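Student: Test case, fold it:
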Amino acid sequence: MPILKNHLKEKRAALGVNQQEMGAMCGVSRQTISLIERGDYSPSVTLALTIAKVCGVSVDEIFYLQEESENGK
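Tutor: Just a heads-up that it's a prediction; the model follows:
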């Protein structure tokens, strides 16, 4: 089963904002941004679209699917 991965940390850094500021811009908490960046939380479609809009890029420039390897990692 594919795993949702992201480039949110890199996109956020390019904007020059911290997790707290990114959360405020997207209407979520700093903790939510942290969880997304670590891959511990998959955002809703609405939140993914909001994040992409705030970053000025398309959703697939931030979020992508990665296939799990045979050994489960």
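
Student: Now do the strands in the chain.
Tutor: For the chain, the strands defined by DSSP state E cover 3-6, 63-66.

Student: List the buried residues in the first one.
Tutor: In this case it means strand 3-6. residue 6 (16 or more other Cβ atoms under 10 Å). (Each C-beta comes from the backbone N, C-alpha and C, glycine too.)

Student: returning to that earlier point: could you dump the strands of the chain to JSON lines with mean pLDDT and distance to residue 35?
Tutor: Putting these into JSON lines (pLDDT from 0 to 100; distance: least, Cβ to Cβ, whole Å) gives the following:
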{"stretch": "strand 3-6", "mean pLDDT": "96", "distance to residue 35": "11"}
{"stretch": "strand 63-66", "mean pLDDT": "96", "distance to residue 35": "14"}
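
Student: how long is stretch 35-49 from one end to the other?
Tutor: Start-to-end span of stretch 35-49 (Cα to Cα, to the nearest Å) is 17 Å.

Student: Many thanks, have a good one.
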